[in-house]
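Q: Any chance you could fold what I've pasted below:
(chains A and B)
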2 protein chains.
Amino acid sequence: MTRTIVASATKEIVIGFDQPFCVIGERINPTGRKKLAAEMVEGNFETVRKDALEQVAAGATMLDVNAGVTAVDPNATEPALLVQTLEIVQSLVDVPLSIDSSVTAAIEAALKVAKGRPLVNSVTGEEEKLEAILPLVKKYDVPVVAISNDETGISMDPDVRFAVAKKIVERCADHGIPAHDVVVDPLVMPIGALGDAGRQVFALLRRLREELKVNTTCGLSNISFGLPHRHGINAAFIPMVIGAGMTSAIMNPCRPQEMEAVRGANVLAGTDRDCMTWIRTYKDYKPAEGGHAVAAPVPANAPGEGGNGGRRRGGREARMARG
Amino acid sequence: MTRTIVASATKEIVIGFDQPFCVIGERINPTGRKKLAAEMVEGNFETVRKDALEQVAAGATMLDVNAGVTAVDPNATEPALLVQTLEIVQSLVDVPLSIDSSVTAAIEAALKVAKGRPLVNSVTGEEEKLEAILPLVKKYDVPVVAISNDETGISMDPDVRFAVAKKIVERCADHGIPAHDVVVDPLVMPIGALGDAGRQVFALLRRLREELKVNTTCGLSNISFGLPHRHGINAAFIPMVIGAGMTSAIMNPCRPQEMEAVRGANVLAGTDRDCMTWIRTYKDYKPAEGGHAVAAPVPANAPGEGGNGGRRRGGREARMARG
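A: This next block holds a predicted model:
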């Protein structure tokens, strides 16, 4: 059984086929957030702190930490800023972290100060990347996100994306990094631009799980880019990727509709034992008439009775029970 | 390609792997609805009319019609009542209908007056049922729902349920009924009672599609029986069964959260061409801050611009676009 172990100083998490879906909070990332970038440049980490606490409270399993505030000479500034950001976050919350940077020196600097067993985000199939990142991954004995593109860009052919993923896994093996420490990102395209994007990902996820036996992740909200009511598309996509074998995603845990989809899919995939998390989270939930979700759920860590529901057998009769 | 054709007097619908998910409205059914049963016995069809119109307005592809008002001598009363109910419904709405009864004489009486090509709901693997229903299905050249239980009840072993489904498909062939006119119900158990219920159904759906090449259906809300916030479980289940190959379900279309899951999964499965239905339905949708769904969507048949979103390419950058 494929098990990717990540850890903070005090908390170990397993990413795996038999585990609840691993939600990697995406918020601590200045890419596309000008205000946050400006704050971080000024040494103001209030938003970082707020995002860290809120994401964990909302149910994030891990947090991604990115300090890419500028495209101008990031090598000069990003290592120190990523270290500072990471240290603030790991002093504040106890979940494992993902070190997210395109700057090798920043990843190494962060690996030096990270507690536990962080995830490195990411390596690609580009030769230069492989040779820069894999020795660090081996040296610090950490897992790594492998994005299935290379020098030629992102292929629209899923067979090529699978081949790139396979190459990265093999190169990892050459460096002494086992497949269970490689978390493949098959790359999710916007469905509004590419009608086949969903089916491509579902097919890729199955092959990655069955043939390469690796854990998987993706930048989840990319699927709904450009469409109206993106939460609805994201919330349908989550159960579908979980059903197809995806084991983690980089996403916004502060969105109740998406987190509800994660929790529901965990129940249905059999990774929420006895539906305990579902029951604890939603036992006092009051949707409005007509099935709309209007009230925030009770946090999953609130005291719960558990196991009070669903103990009856169904069949043709229960089929008619209406919800 | 498996295509099950159903029709009303004026409208033909295809159930198939490459078609939008077929939502069979479950509401016109007095089972467990005492008030409706009492009304129907008195010849009052106001609720039936209301349920017919509301379900079609909410997006039902077909309507199930059941007149099982009593367990006491249904043979005496149900044929005439089912005919009456069916005639009222088909005079009111233009969607194809599903004739739902456990009384053979009621099914035959309804088949005589139904316009178009209704679906017969249902036959099981029981010998007596097979011999009673299949000749009618052949005579009237209609498709039939095949429920995968038999004299021994509902097996908890999915291999046995698959074998029962296979037997029914073979018996249909003996009667000259092609596999594309058999819509198999693999039977959905409540996940709260049987933690494996989801995985069982997903595995069964794949086998039914790949090995028997049949369309499939289920009583959808049965999965969440006994759990709190059933809509959330149903809404996660829908994309998962669609991803696993299910092509229709008997469900309540008047639940916006569930219908949103259907529409989202259609987009992701590639059966909502150019996301047209999604864009038409949700282009003016205003979820509350935090991703809650509070406003009713614009009906799908409202005039829409279509195609205005999602025309940009994504990748690593779009991955960071937040929804």
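Q: Show me what from the stretch 1-150 of chain A comes close to chain B.
A: A:26, A:29, A:31-32, A:147, A:149 (C-beta under 8 Å from any C-beta of the partner chain). For glycine as for every other residue, the C-beta is placed from the backbone atoms N, C-alpha and C.
Q: Identify those among those residues that sit within strands.
A: A:Ile147 (DSSP state E).
Q: What count of nearby residues applies to the residue of the stretch 51-200 of chain A found nearest chain B?
A: Closest residue of the stretch 51-200 of chain A to chain B, C-beta to the nearest C-beta: A:Gly192 (1.4 Å). Using other C-beta atoms under 10 Å in any protein chain shown, A:Gly192 has 27 neighbouring residues.
Q: And for A:Gly153?
A: The burial count for A:Gly153: 8, using other C-beta under 10 Å.
Q: Tell me what it is bridged to.
A: Judged by DSSP bridges, the bridge partners of A:Gly153 are A:Asp150.
Q: Any buried residues in stretch A:268-287, and which?
A: With burial defined by 16 or more other C-beta atoms under 10 Å in any protein chain shown, the residues of stretch A:268-287 counted as buried are A:268-272, A:275, A:277-283, A:285, A:287.
Q: Let me see the ranges of the strands in the stretch 101-250 of chain A.
A: Remark: strands assigned in the stretch 101-250 of chain A by DSSP state E, counting those that start in this stretch are A:119-124, A:144-147, A:182-185, A:215-216, A:248-251.
Q: got TSV for the residues of the stretch 1-150 of chain A next to chain B, with neighbour count and pLDDT too?
A: Output for the residues of the stretch 1-150 of chain A next to chain B, formatted as TSV (neighbours: other C-beta atoms under 10 Å in any protein chain shown; pLDDT from 0 to 100):
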residue	neighbour count	pLDDT
A:Glu26	27	98
A:Asn29	22	97
A:Thr31	18	93
A:Gly32	12	91
A:Ile147	29	98
A:Asn149	20	96
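Q: ok, A:Val144 touching A:Val123?
A: Yes. Counting by C-beta atoms under 8 Å, A:Val144 does reach A:Val123; the two are 5.5 Å apart.
Q: Common neighbours of those two, please.
A: A:133-134, A:137 (C-beta atoms under 8 Å, 6 or more residues apart in numbering or on different chains).
Q: Indicate whether stretch A:194-213 makes contact with chain B.
A: Yes. Stretch A:194-213 comes into contact with chain B when judged by C-beta under 8 Å from any C-beta, the residues involved being A:195-196, A:198-199, A:202.
Q: will you turn those into TSV that also has distance to B:Ile154?
A: Converted to TSV, the residues of stretch A:194-213 next to chain B look like this (distance: C-beta to C-beta, whole Å):
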residue	distance to B:Ile154
A:Gly195	38
A:Asp196	37
A:Gly198	33
A:Arg199	32
A:Phe202	29
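Q: For these, pick the one with the most neighbours.
A: Going by other C-beta under 10 Å, A:Gly198 tops the residues of stretch A:194-213 next to chain B with 28 neighbours.
Q: For that residue, give its distance to A:Lys167.
A: 25 Å (C-beta to C-beta, to the nearest Å).
Q: Same question for A:Ala249.
A: For A:Ala249, the distance to A:Lys167 equals 23 Å [C-beta to C-beta].
Q: what's the answer for A:Ala110, then?
A: As judged by C-beta to C-beta, A:Ala110 and A:Lys167 stand 26 Å apart.
Q: got it, and A:Asp174?
A: As judged by C-beta to C-beta, A:Asp174 and A:Lys167 stand 10 Å apart.
Q: ok so, going back, of A:Ala249 and A:Lys167, which one has the most company?
A: Legend: neighbour count by other C-beta under 10 Å for A:Ala249 and A:Lys167, higher for A:Ala249 (26 against 15).
Q: Please read off the pLDDT at that one from the model.
A: pLDDT, A:Ala249: 98.
Q: ok, and the closest non-adjacent residue to it?
A: Spatial nearest neighbour of A:Ala249, excluding adjacent residues (C-beta to C-beta, 6 or more residues apart in numbering or on different chains): A:Leu220 at 4.2 Å.
Q: likewise A:Phe162?
A: A:Phe162's closest residue in space is A:Arg207 (C-beta to C-beta, 6+ apart), at 5.6 Å.
Q: next one: A:Leu97
A: Closest to A:Leu97 by C-beta to C-beta, 6+ apart is A:Pro118, at 4.9 Å.
Q: wait, doesn't that neighbour sit right on A:Ile99?
A: Yes. The pair A:Pro118 / A:Ile99 is scored as a contact, 5.2 Å apart, by C-beta under 8 Å.
Q: hang on, A:Lys213 packs against A:Gly16?
A: No. Using C-beta under 8 Å, A:Lys213 is not in contact with A:Gly16, being 10.8 Å away.
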